[in-house]
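**Q** Provided below are the primary sequence and the corresponding predicted coordinates.
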Amino acid sequence: HSVLLTGRTTYNDWTLGLSQTCELTSNPQTETGQQTDQQSYVTLLSAICQLNAPTSLEFDLGQSFRFVQGVTNSVGSSRNWSLFNWLNYHWAPNLAAAIGAGVGYEAVESGADMPYEQLQARVTWRVVNKLNLAINGGAEFRQFVDSSQPQLISPIFGASIIYQPFDVTTITINGNQGVNASYFENLATETFSINAAVNQRFFTVLYLGVSGGYADTTYHTSGAVDPTDPSIGR
């Protein structure tokens, strides 16, 4: 079950946005290796201030709550709060770039909490009417509270290509790498994934979609763990 509420308004040079997502799922998870019941609640507040015609400042304040049930040695619930700031510049109507910096804090029910900082850059480019490209990349610096583990420095990035050769056909390719609290106690995950999908519309009301992907997850110790635990590694 999934519910999304979103709203946007403008005031002088400001554009304000709010979105709230609620998801109740029961799906197989690669990390847990079993059917996993989850509840996810994501809230995002955004504010964009237009400084002049090509330049704007963007502020994103978010929180993400994840509750997991039925997983042995699970961290239980995790709560993530973040603040990210962007300086946007529109080089042309179809080309925009931005640099940003942010901070966050990920609290887990069992295990070491994880404050982190990020530096990123992004580019969005509408190459032609039927092709859109978006790329972002940077680095994350993650610490572990009340733990002897050293700071984790990780590259983070994302990319997406959307190609629509015909009005009824859409091809999407996306990839990303990011760091999050693991489903398991005292572990953090660094995950790289790539996915592709083709969506085709038939006879106006009938849709066919085919998708596939690949993911690779590396586990990093965030606190005291059993070194013989088979969940450590990949």
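**A** Arrived safely, thanks for sending. Residues are numbered from 1 along each chain as shown.

**Q** Distance of the residue nearest in space to the middle of the chain relative to Gly7?
**A** Centroid check for the chain by CA atoms, centre = their mean gives Gly178 as the closest residue, at 7.3 Å. According to CB to CB, to the nearest Å, Gly178 and Gly7 sit 27 Å apart. For the C-beta atoms, the positions are set from N, CA and C on the backbone; glycine is no exception.

**Q** ok, now Gln39?
**A** With the distance defined as CB to CB, Gln39 ends up 23 Å from Gly7.

**Q** of the two, who's got more company?
**A** A count of neighbours by other CB atoms under 10 Å puts Gln39 above the other of Gln39 and Gly7, at 15 against 9.

**Q** what are the pairing partners of the helix or strand containing the more buried one, and which direction each?
**A** Under the criterion of DSSP states H and E, Gln39 resides in strand 34-50. Next to strand 34-50 in the sheet, as set by DSSP bridges, lie strand 14-29 (antiparallel), strand 55-69 (antiparallel).

**Q** So what touches the last one?
**A** Where contact means CB atoms under 8 Å, 6 or more residues apart in numbering, the residues beyond strand 55-69 that reach it are 36-51, 74-90, 98, 100, 102, 183.

**Q** For the following helix or strand past it, which residues meet the burial criterion?
**A** Downstream of strand 55-69, the first helix or strand assigned by DSSP H and E is strand 78-92. By 16 or more other CB atoms under 10 Å, the buried positions in strand 78-92 come out as Ser78, Arg79, Asn80, Trp81, Ser82, Phe84, Trp86, Asn88.

**Q** what's the pLDDT at the first one?
**A** What the model reports as pLDDT for Ser78 is 90.

**Q** Got phi/psi on Asn129?
**A** With angles defined as degrees, to the nearest 10, Asn129 sits at phi -60, psi -30.

**Q** what about Ser110, which SS state?
**A** coil (DSSP: H, G, I helix; E, B strand; the rest coil).

**Q** Sorry, wrong one. I was asking about Glu117.
**A** strand.

**Q** picking that back up, now do the contacts for the residue nearest to the centre of the chain.
**A** Glu140, Ile156, Gly158, Glu190, Thr191.

**Q** again, 6 Å this time
**A** Ile156 (CB atoms under 6 Å, 6 or more residues apart in numbering).

**Q** Relative to the helix or strand in which it is found, what are the paired strands and their orientations?
**A** Gly178 belongs to strand 169-181 when elements are defined using DSSP H and E. Looking at strand 169-181 with DSSP bridges, its partner strands are strand 152-166 (antiparallel), strand 187-202 (antiparallel).

**Q** follow-up on the earlier one: tell me the most buried of the strands paired with strand 34-50?
**A** strand 55-69 (a mean of 16; mean count of other CB atoms under 10 Å).

**Q** mean confidence for that one?
**A** Strand 55-69 comes out at a mean pLDDT of 94.

**Q** low-confidence ranges in this protein?
**A** Scanning the chain for pLDDT under 70 picks out the ranges 72-76, 224-234.

**Q** Give the residue farthest from the middle of it.
**A** Using CA atoms, centre = their mean, the residue of the chain lying farthest from its centre is Phe203. It sits 34.5 Å away.

**Q** Which phi and psi values does that residue adopt?
**A** Dihedral angles for Phe203 - degrees, to the nearest 10 - are phi 50, psi 40.

**Q** Tell me the spacing between it and Val168.
**A** Distance, Phe203 to Val168, by CB to CB: 10 Å.

**Q** just Ala98 next, same as before
**A** Taken as CB to CB, the span from Ala98 to Val168 is 33 Å.

**Q** okay, these two: which has more neighbours?
**A** Ala98 (18 against 13).
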